[in-house]
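[1] Kindly generate the corresponding structure for this input.
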Amino acid sequence: MYTISNLEVLTVVEAIPRQDVGAPLPMVLATDNSLVLAYHCSETPANWDGRTVRVVDCDSPDELIACVRFEGPYTHRLGPPNDEALSGHPLYARGLTPYSCMTVTPSGWISDLERMNTVHRYHSADQFSVFIHYIFTFHDTCFEIIAKGYSYDIGRGSIRSIMSKCLGAV
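    Numbering: from 1, shown residues only. The predicted structure follows:
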């Protein structure tokens with residue numbers, strides 16, 4: 001994974017739209033220089049009494065969807081652990097919480113990437129100082145990215161339709 005020290009501080013990114021805790025269904029589309037993350041946002045239906053479960057998928061219409069565009073994405077990963085195994089993540093002891101978006105400062109992952117790049121003929125440690133380590137802890141997966149920043153939009157539709165609109169703006 002990456003090196004963990006005793007220095008990491010995790011901070012919740014309050015501005016990021018809150019994800020659905022049941023089925024956020026994160027979708028990632030990436031190229032060498034752009035990355036978009038879309039997911040279902042937390043929303044309680046008006047007449048919901050708490051006794052039923054609503055099943056959604058990537059084509060469910062009229063859903064509240066967040067579309068996060070990352071500026072200067074460097075690397076990313078989507079995969080384990082899920083919410084039930086989150087305590088196995090190396091950053092859990094530093095305060096990693098379920099169903100959140102957090103930044104990691106200083107990031108062992110960024111340090112490892114910078115160290116790996118030292119063999120490059122034109123290596124400069126300064127080029128890594130602009131990066132931020134973000135981690136999203138979803139229900140079934142975690143999404144981590146090293147990027148320069150982010151912006152987001154919230155829309156209504158299926159996650160596929162919203163992702164298509166987000167890609168048009170990239």
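
[2] what sits against Val55?
    Shown in contact with Val55 (C-beta atoms under 8 Å, 6 or more residues apart in numbering): Ala23. (C-beta placed from N, C-alpha, C; glycine too.)

[3] Next one: it from Asn82, what distance?
    Remark: distance between Val55 and Asn82 (C-beta to C-beta, to the nearest Å) = 18 Å.

[4] Could you confirm Ala93 falls within a helix?
    Yes. Ala93 forms part of a helix when assessed by DSSP: H, G, I helix; E, B strand; the rest coil.

[5] Compute the distance between it and Pro80, please.
    Using C-beta to C-beta, Ala93 is found at 17 Å from Pro80.

[6] and if you look at His40?
    Distance from His40 to Pro80, by C-beta to C-beta: 20 Å.

[7] same question, Leu37
    Leu37 sits 17 Å away from Pro80, going by C-beta to C-beta.

[8] Equivalent analysis for Gln19, please.
    Gln19 is 17 Å from Pro80, by C-beta to C-beta.

[9] Looking at these two, which one has more neighbours?
    Ranked by neighbour count (other C-beta atoms under 10 Å), Gln19 and Pro80 place Gln19 first, with 23 against 12.

[10] Find the nearest non-adjacent residue to the more buried one, please.
    Excluding its sequence neighbours, the residue lying closest to Gln19 (C-beta to C-beta, 6 or more residues apart in numbering) is Tyr39, at 5.3 Å.

[11] and the one you found, that one's in a helix?
    No. Under three-state DSSP, Tyr39 falls outside any helix and is assigned strand.

[12] mind checking pLDDT for the residue with the largest distance to the centre of the chain?
    What lies farthest from the middle of the chain is Arg121; by C-alpha atoms, centre = their mean that is 31.8 Å. pLDDT for Arg121: 93.

[13] didn't Leu86 look like it was pressed against Thr137?
    Yes. Using C-beta atoms under 8 Å, Leu86 is in contact with Thr137, at 6.1 Å.

[14] between those two, what contacts are shared?
    With C-beta under 8 Å, 6+ apart as the test, Leu86 and Thr137 both reach 96, 98.

[15] Comparing those two, which shows the higher neighbour count?
    For Leu86 versus Thr137, neighbours defined as other C-beta under 10 Å are more numerous around Thr137 (23 against 17).

[16] Show me the beta-bridge partners of that one.
    Using DSSP bridges, the bridge partners assigned to Thr137 are Ser100, Cys142.
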